[in-house]
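Enquirer: here are the coordinates; sequence isn't available:
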């Protein structure tokens, strides 16, 4: 093949040729390479910056969602307690706004803002009210008395421990008695009826624990409700609100901050360690 | 032994140069630049422009040196980069055209080049070819690319590649015949 022959000759001749580049050619190339390396280093700093900000966002979101997660767990526990003790109807009665009028007065008067004290005052109120109801309804009063007896026992146990608080409660009870209205009496009757219903349904009777948890839940809900109601004629008790908030926090604030800081630091450490991989 | 040593040295040099060692890069440049400038000169008529193309090629070589896996020769790898660089240069200059018109070539019987013809003469012959002819001819005959590879690199059809090669050969043979005549005449 003729063409291939001449092509091979051309190739042989051309391949032997070498063309020397100009003297400054290498320095030009070297400068270009230097500039490119600087640019790539700058861009790697950019990436490092982006990685750091991503780590910061992760740290913030992790600590934020951790906080939310803990709150949800607490809420679930509270709801389960309520279900164990009371039916939806009783729940509604306790949390009804009309009932809060009487309850909040107790709360406001209670300067120590101890939940146990609040609970006791509820007990006292029920005790006082029971005597009025006994006159009107004899069958209800019998059941009520058994329930109240148990409440009394609980109250006495707490009162023994805190004599000073009891004296305050007595004053409170008096004020509650004065403040009672016919409307509240009917509400109290419905609470009593609910208690009776629970007792008949459950033949083993209402345990002290059940009553205790029921009253605790009721007093806590009323505390919060009152604190949030601005247009009510009573003043918001800052101590009571603080007490409520502290109760709500399962873990102490300081412990959670430490935990969040530790998690965040670990995340950043991992990102920095892995950045070259 | 010497060949193995040289090979190992080149390997070490490449490894160093890949880590942006400027000295190693300089040694590699000095080793290959004259040959690569010659290759660029095949395609680019102006030697200064050819040098620019070569420097662009070397810049890419050093930038992507990590992607050289040692499969095939290092020179072959650089050379392919240079050819691609030359193609993109000519494309940027819009000098790369592939004429489709039929040229009426006379059948000639030239089958060899006079050994006295200098390489500069050959280069001049090649420079005299239209860009499209030249590119396909050089890629096929000198670089050893297949038609499908040329078609892919130049973004043309395989048929165009074949016809451009045929025309380039005809034109070159015609020119060589003329050159041989004058060459014989002088002797």
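Expert: All right, it came through fine. For clarity, every value in this text was computed on a predicted model and none was experimentally measured.
Enquirer: tell me which parts of chain B are close to chain A?
Expert: By the rule CB under 8 Å from any CB of the partner chain, the part of chain B lying against chain A is B:20, B:22, B:25-26, B:29-30, B:33-35, B:37-38, B:41-42, B:47, B:50-51, B:54-55, B:58-59, B:62-63, B:109-113, B:117, B:119, B:122-123, B:126, B:141-142, B:169, B:172-173, B:176. Using the backbone N, CA and C atoms, a C-beta is placed for each residue, glycine as well.
Enquirer: among those, which are in strands?
Expert: Assigned to strands by DSSP state E, none of the residues of chain B next to chain A qualify.
Enquirer: Can I get the buried part of the residues you listed as one ChimeraX selection?
Expert: Selection of buried members from these for ChimeraX, criterion 16 or more other CB atoms under 10 Å in any protein chain shown:
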select /B:20,25,29,33,35,37,38,41,42,50,51,54,55,58,59,62,110,113,117,122,123,126,141,142,169,172,173,176
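Enquirer: Out of the residues of chain B next to chain A, which sit inside helices?
Expert: B:22, B:25-26, B:29-30, B:33-35, B:37-38, B:41-42, B:47, B:50-51, B:54-55, B:58-59, B:62-63, B:119, B:122-123, B:126, B:169, B:172-173, B:176 (DSSP state H).
Enquirer: Low-confidence ranges, the chain, go.
Expert: Assuming you mean chain A. A:1-4, A:68-188, A:191, A:195, A:198-199, A:201-206, A:226-236, A:247-252, A:277 (pLDDT under 70).
Enquirer: other chain: chain B
Expert: For chain B, the stretches with pLDDT under 70 are B:1-8, B:95-97, B:99-116, B:183-187.
Enquirer: Taking the centroid of it, which residue is nearest it?
Expert: residue B:39 (4.3 Å; CA atoms, centre = their mean).
Enquirer: Any idea how many residues pack against the residue of the stretch 151-277 of chain A found nearest chain B?
Expert: Closest residue of the stretch 151-277 of chain A to chain B, CB to the nearest CB: residue A:276 (14.5 Å). By other CB atoms under 10 Å in any protein chain shown, the residues close to residue A:276 number 5.
Enquirer: do residue B:92 as well
Expert: Using other CB under 10 Å, residue B:92 has 9 neighbouring residues.
Enquirer: which ones are touching it?
Expert: By CB atoms under 8 Å, 6 or more residues apart in numbering or on different chains, residue B:92 lies in contact with nothing.
Enquirer: Backbone torsions only: list them for it.
Expert: Note on residue B:92: backbone dihedrals following degrees, to the nearest 10 are phi -60, psi -40.
Enquirer: From residue A:237, how far out is it?
Expert: Look at residue B:92 and residue A:237: by CB to CB, to the nearest Å, they are 81 Å apart.
Enquirer: how would you label residue B:71: helix, strand or coil?
Expert: Per DSSP: H, G, I helix; E, B strand; the rest coil, the local secondary structure of residue B:71 is coil.
Enquirer: right, and residue A:275 touches residue A:48 too?
Expert: Yes: Residue A:275 is within contact range of residue A:48, at 7.0 Å (criterion: CB atoms under 8 Å).
Enquirer: Residues of chain A that sit close to chain B?
Expert: Counting by CB under 8 Å from any CB, chain A sits next to chain B at A:2-3, A:5-7, A:9-11, A:13-22, A:25-26, A:28-30, A:32-33, A:36-37.
Enquirer: how near is residue A:275 to residue A:61?
Expert: For residue A:275, the distance to residue A:61 equals 20 Å [CB to CB].
Enquirer: I meant residue B:9, not that one.
Expert: 54 Å.
Enquirer: what's the answer for residue B:83, then?
Expert: Taking CB to CB, one finds residue B:83 at 52 Å from residue A:61.
Enquirer: and the two? which has more neighbours close in?
Expert: Legend: neighbour count by other CB under 10 Å for residue B:83 and residue A:61, higher for residue B:83 (24 against 11).
Enquirer: Not counting sequence-adjacent ones, nearest residue to the more buried one?
Expert: Leaving aside its sequence neighbours, residue B:83 sits nearest to residue B:143 (CB to CB, 6 or more residues apart in numbering or on different chains; 6.0 Å).
Enquirer: Just the ones of the residues of chain A next to chain B in helices?
Expert: A:2-3, A:5-7, A:9-11, A:13-16, A:25-26, A:28-30, A:32-33, A:36-37.
Enquirer: For ChimeraX, what selects the buried ones among these?
Expert: If you want just the buried ones from those in ChimeraX, going by 16+ other CB under 10 Å, the selection is:
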select /A:3,6,7,9,10,11,13,14,25,26,29,32,33
